[in-house]
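*Asks:* model this:
(chains A, B, C and D)
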Number of protein chains: 4
Amino acid sequence: MGNQKFGAGIWHFATYVDRYATDGYGPPRTLIEMIDLAGQVDDLSVVDINFPFADPALSLDAIDKALDRNGLSVIGITPEIYTRRFAKGAFTNPDAGIRRLANEMCNEAADVVRHFGAKYVKLWPGQDGWDYPFQVDHGSLWKASMDGVGELAEQNPDLQFVIEYKPREPRVHMSFDSVSRTLLGIEKIGLPNVGILLDFGHSLYGGESPADAAQLAIDHGRLFGMDVNDNFRSWDDDLIAGSVHPIELFEFFYTLRKNNWEGVWQLDQFPFREDSVAAANAAIDFLKGVERALDKLDFEAMREAQLRHDAVTALGLARQALFSSF
Amino acid sequence: MGNQKFGAGIWHFATYVDRYATDGYGPPRTLIEMIDLAGQVDDLSVVDINFPFADPALSLDAIDKALDRNGLSVIGITPEIYTRRFAKGAFTNPDAGIRRLANEMCNEAADVVRHFGAKYVKLWPGQDGWDYPFQVDHGSLWKASMDGVGELAEQNPDLQFVIEYKPREPRVHMSFDSVSRTLLGIEKIGLPNVGILLDFGHSLYGGESPADAAQLAIDHGRLFGMDVNDNFRSWDDDLIAGSVHPIELFEFFYTLRKNNWEGVWQLDQFPFREDSVAAANAAIDFLKGVERALDKLDFEAMREAQLRHDAVTALGLARQALFSSF
Amino acid sequence: MGNQKFGAGIWHFATYVDRYATDGYGPPRTLIEMIDLAGQVDDLSVVDINFPFADPALSLDAIDKALDRNGLSVIGITPEIYTRRFAKGAFTNPDAGIRRLANEMCNEAADVVRHFGAKYVKLWPGQDGWDYPFQVDHGSLWKASMDGVGELAEQNPDLQFVIEYKPREPRVHMSFDSVSRTLLGIEKIGLPNVGILLDFGHSLYGGESPADAAQLAIDHGRLFGMDVNDNFRSWDDDLIAGSVHPIELFEFFYTLRKNNWEGVWQLDQFPFREDSVAAANAAIDFLKGVERALDKLDFEAMREAQLRHDAVTALGLARQALFSSF
Amino acid sequence: MGNQKFGAGIWHFATYVDRYATDGYGPPRTLIEMIDLAGQVDDLSVVDINFPFADPALSLDAIDKALDRNGLSVIGITPEIYTRRFAKGAFTNPDAGIRRLANEMCNEAADVVRHFGAKYVKLWPGQDGWDYPFQVDHGSLWKASMDGVGELAEQNPDLQFVIEYKPREPRVHMSFDSVSRTLLGIEKIGLPNVGILLDFGHSLYGGESPADAAQLAIDHGRLFGMDVNDNFRSWDDDLIAGSVHPIELFEFFYTLRKNNWEGVWQLDQFPFREDSVAAANAAIDFLKGVERALDKLDFEAMREAQLRHDAVTALGLARQALFSSF
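*Replies:* Alright, predicted model coming up:
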């Protein structure tokens, strides 16, 4: 117990804007301030950092120092291929010049990954997709989605590129929308260094069973990372992990353990109106309970119940292990 | 034909930010620039304006002049009771001081309504609600929602207050979430100057039939205003009206006509990635087709088909009238 | 502890058909067989029985005996106003003769309620609504929905009539679709003996917070009954209570306790592929844990957290009380 | 014009039961009666027939005669691998004996395909999936899903096997749930005679763009068949095609035409409460309008608008072509 490493997207410690609260849910924070907040969380080891940094004058050295004093290291870098210039797409933008910019930004992000000794460049192409019927040629759009990722993976064979799929937002429909679509694309790309970062909430609100999605990605050898949060199944609410769907979250981690999948348990939460340190602590407390529950769960009895598709027995085993760990 | 007046929320001509494109989908626009864009739309007569104005130095006189030169008048004022300070609610904020601020801002908005000779203060309490299970005492929250509106209506008996209900966003659940809930609240408030502004898209994605919602509000004597747009039934996409659900949009306007409801047909669209003038023209072109179709539709034959609940005949009548008007 | 009474719709112990497994998910069961199965559940006191009985020759006396030997009593009777003849509606059927039949069947059900000394006639008008845009005149349909219920309540002032609202199924849209719509109708009907039977799952998949819906019905003095189950928020799956949404189920019961609402905790589950006795036991076991958790929960601390809309603290209190009760 | 062939699942002409109207939405019909109804539709050429036939005494010869006198031929056979004995799955049933039965029934269906000179065996494994978290081992379930189909395709290399994916119903989650998942499975199976039958409504309510789904299946060389209907995006309502989403239906057929995909346009409607012949005629009338609209649409202008992702222009072109064809 207590062996599990926890991480978070550094944006967990930012403040946010949306289309209504255009003045933001709080005063803007610098990356250094966010790192110092992350350091206040009880048991956080790694962070995922957006690139480019909001303050262009900020040096890697200054970030290194901030990370060091907070006992944090970097697991991945998320290039911001979803800001104004990419409003109509990064890899799929109708303008070849913008597609080039996206490639360049991701290559720069790759260098930052190398600097930090991190694991991956995380690609979340949130503006790649469409809004309206008839807006795009679907064949070309999908091809461009795959080509954009494939080109990066070829240019940087020493690094991993992880795709974080999501059904929608900000585009009404994203091209990498589901675990299956993303795996289909990855198989087509055909490179070993492209994988999936599975966001529990994206899977849940996309109508998947996150446990099933994780198993599928594992069976294809492509589950390179994961993060958790919660929502009400109709939108990417990025709520505190375990607050709404504790049982499916437990099944998700059960699936990882069953497959001996080892990696950081990351948070992708947006605490718009909550204290961000408290929200992270609440989630990690819950995840530690999940870890205890996995140690306690009778895997053999579960296996036997599942062999019979016996939901009553399986749920009883799961609930008892989970709930009694709190 | 050509008698129908069209309007739009002035934000139709703004640029937008969201939680990802924090640098906005375009350079910021001043209110005067928005009004000048609205003036370029082929057939727009009225606008709904947010308050307070982004530029506090902007005078009412300057706005009057901009409206005048663009042939526009004001139908309503929308106080921004959903910005940072109201992040945890306006009428339902746990802090009484913030609730007071919301009341004051709406009272100032009422004065602006009077200045423009407009019709109503539009209340869209987008931050009033909750995000998590157990977060609020539901009885108190709902009471505060009603009290906040009731106090305003009592303070300003010469004006209308219209509530624009919506299921969610930015809160995970809004307290005025549906036509029925809002009517229930309005009946409890018990004042003649409180009504509903029915947003077609909010109704659609809330699982209502917008036509049924309109009929219900009309039967309660509370349909004070309306606006249209479109979406994919799972989120408030604010797409161009008629782009996805032309038939239900037609049924909505059929219901208004059948009840002799007369008022402005307004747009509430957010053209994130489209030219805002082109998006408004496209919608109004469609609405003019709807107007022609209403003139052409055989209301008596429709009435007879509906008496029998005869969907095949009713849909045939509706489609033929609508489609052949283009 | 152990004071709470549990109940179930007798259909919990039936076998089912659907549009694919037209030969049913098991051999048909008689009402007597269902009662004998209900009697095998560890802690079940009351049942809700459909009427008319599948076997027209079955006597009330035979049912009494079966109930007696199983230690069961009847809480309500559910007239089957949703079978073939009512396919186009019971209270809203376009044919006045069918509307009359519906009224007569419900009046007969009222007599059966009296025979059993039960509490209410449960109205679930699942065929009252519409499928297509333009199919019905919404004003007339809603009026007929209210008139049908009102007439029954007037004819039987000694009994309660409870409406079990539901968003849809089998109609694509039901007229009594939500807690607010139903309360709006009940207020219009204006009789003391009409109330709501709140089905947790219907509320959940209709996009409501069941806790909020319960509070609203209580505040209107109309929460006459309730039942629970679970689903994935997009359909009335009628799964085992607590299997997917334990936290919102706990909030629902917390709301009842907070308001001193006392009544039977009923099950409305459809165990298509599960052993029905095991499914009932699993649910009641969970509900007993909920009962223990309510005894353990610090209501005053919860009240204070909710006063501040403090989700992190409130959820922490709730989870700890609930989970540690297992 | 007028070249397009139309077809229907023969169940379009059946009556239905569901879990409420257990006495059915009408008196049962024999297969011969259904065929004779299908023959009354104005322009229907082919049907898809369920197997085994409800009446085991019914001879293939009698069916041939009924088809002949109605000018109909058979496009495919749908084995009923979703009735009582398959309640816990056909290809994924925990009982190997039941899995064997499913294989045998499908092999018999293959012989019937050969008898009729039809094109494919249609596999719709509606009971293959799960209902509850923790109920199944997702890796094994998915493997069994693929193995079941692969075995059949190997046993019958002379025939096509088409998988009709669907998100859910009757299982809460089906294993072949989406176009991408199904293609992923088909690629793994690796046989040339396995493809997809794309149901427009399943795609729509699964959150896909049916046009995008069609393009993807075509690009993988696996679009073997299709059928249409409509719904409200949250359930498989099987409403009359074009009644709710005419624009996306048009985009779907536009995608087929653009790719020179040629095949029968089939109906998969369930007219629970409508006259089945009238419902089929209404749909085919609409589809003929779609065909005229495709002849009229400026494909080159559409291509150019899509190159720019210009939704306003593209939608304008589409609407004008479609609506003016009625």
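
*Asks:* how about residue A:286, secondary structure?
*Replies:* Residue A:286 carries the three-state label helix when classified by DSSP: H, G, I helix; E, B strand; the rest coil.

*Asks:* how near is it to residue A:245?
*Replies:* In this view, residue A:286 and residue A:245 are 11 Å apart by Cβ to Cβ, to the nearest Å. In short, each C-beta sits where N, CA and C put it, glycine included.

*Asks:* got it, and residue A:154?
*Replies:* For residue A:154, the distance to residue A:245 - Cβ to Cβ - is 38 Å.

*Asks:* higher neighbour count, these two?
*Replies:* residue A:245 (26 against 12; other Cβ atoms under 10 Å in any protein chain shown).

*Asks:* Can you tell me the closest non-neighbouring residue to the more buried one?
*Replies:* residue A:230 (5.7 Å; Cβ to Cβ, 6 or more residues apart in numbering or on different chains).

*Asks:* unless I'm mixing things up, that neighbour is touching residue A:247, no?
*Replies:* No: checked against Cβ atoms under 8 Å, the pair residue A:230 and residue A:247 is beyond contact range at 11.6 Å.

*Asks:* Which one's more surrounded, these two?
*Replies:* Legend: neighbour count by other Cβ under 10 Å for residue A:230 and residue A:247, higher for residue A:230 (26 against 23).

*Asks:* residues contacting the more buried one?
*Replies:* For residue A:230, the contact set (Cβ atoms under 8 Å, 6 or more residues apart in numbering or on different chains) comprises A:200-201, A:204, A:237, A:239-245, A:249.

*Asks:* Strands - which of these land there?
*Replies:* Assigned to strands by DSSP state E, none of the contacts of residue A:230 qualify.

*Asks:* Dump those to TSV, plus pLDDT.
*Replies:* Shown next, in TSV, are those (pLDDT from 0 to 100):
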residue	pLDDT
A:200	98
A:201	98
A:204	98
A:237	98
A:239	98
A:240	98
A:241	98
A:242	98
A:243	98
A:244	98
A:245	98
A:249	98
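
*Asks:* closest to residue D:92 among those residues?
*Replies:* The shortest approach to residue D:92 among the contacts of residue A:230 belongs to residue A:204, at 22.6 Å (Cβ to Cβ).

*Asks:* Pull the number of nearby residues for that closest one.
*Replies:* Look at residue A:204: counted by other Cβ under 10 Å, it has 27 neighbours.

*Asks:* can you pull the contacts of it?
*Replies:* With Cβ under 8 Å, 6+ apart, residue A:204 has these contacts: A:210, A:230-231, A:233, A:245, A:248.

*Asks:* Try it again at 6 Å.
*Replies:* The contact partners of residue A:204, taken as Cβ atoms under 6 Å, 6 or more residues apart in numbering or on different chains, are A:210, A:233.

*Asks:* Other residues contacting the host helix or strand of residue A:48?
*Replies:* Residue A:48 belongs to strand A:46-51 when assigned by DSSP states H and E. The contact list for strand A:46-51 (Cβ under 6 Å, 6+ apart) reads A:7-10, A:38, A:72-80, A:109, A:112, A:264.

*Asks:* Can you list the strands that it pairs with?
*Replies:* strand A:6-9 (parallel), strand A:73-79 (parallel) (DSSP bridges).

*Asks:* between those, which gets nearest to residue B:131?
*Replies:* It's strand A:6-9; of those, that one is closest to residue B:131 (Cβ to Cβ) at 18.9 Å.

*Asks:* Spell out which residues of chain A are next to chain C.
*Replies:* Proximity of chain A to chain C, by Cβ under 6 Å from any Cβ of the partner chain, involves residues A:233, A:243, A:274, A:278, A:282, A:312, A:315, A:323-324, A:326.

*Asks:* wait, doesn't residue A:23 sit right on residue B:84?
*Replies:* Yes: using Cβ atoms under 6 Å, residue A:23 makes contact with residue B:84 at a distance of 4.6 Å.

*Asks:* burial measure for residue A:235, as a count.
*Replies:* 17.

*Asks:* Mind telling me what element it is part of?
*Replies:* With DSSP H and E as criterion, residue A:235 is part of no helix or strand.

*Asks:* what do you get for residue A:98?
*Replies:* helix A:96-116.

*Asks:* List the contacts of that helix.
*Replies:* Under Cβ under 6 Å, 6+ apart, the answer for helix A:96-116 is A:51, A:60, A:74, A:77, A:79, A:81, A:90-91, A:93, A:121, A:152, A:156, A:159.

*Asks:* Could you do stretch A:293-305 as well?
*Replies:* With Cβ under 6 Å, 6+ apart as the test, stretch A:293-305 has contacts from A:257, A:313-314, A:317, A:321-322, A:325.

*Asks:* Which of those fall in helices?
*Replies:* A:257, A:313-314, A:317, A:321-322 (DSSP state H).

*Asks:* Quick check: buried residues in the strand holding residue A:48?
*Replies:* Buried residues in strand A:46-51, defined by neighbour count with 16 or more other Cβ atoms under 10 Å in any protein chain shown: A:46-51.

*Asks:* likewise stretch A:158-171?
*Replies:* For stretch A:158-171, burial by neighbour count (16+ other Cβ under 10 Å) applies to A:159-171.

*Asks:* neighbouring contacts of stretch A:3-18?
*Replies:* A:24-26, A:29, A:34, A:37-38, A:43-49, A:75, A:264-269, A:272, A:276, A:284, A:291, B:17-19, B:22, B:170.

*Asks:* just how off-centre is that stretch within its chain?
*Replies:* 10 Å (Cα atoms, centre = their mean, to the nearest Å).

*Asks:* Over to stretch A:110-122?
*Replies:* Computed by Cα atoms, centre = their mean, the chain-centroid distance of stretch A:110-122 equals 16 Å.

*Asks:* now the end-to-end length of it.
*Replies:* 10 Å (Cα to Cα, to the nearest Å).

*Asks:* average pLDDT for it?
*Replies:* Confidence over stretch A:110-122 (mean pLDDT, whole number) is 98.
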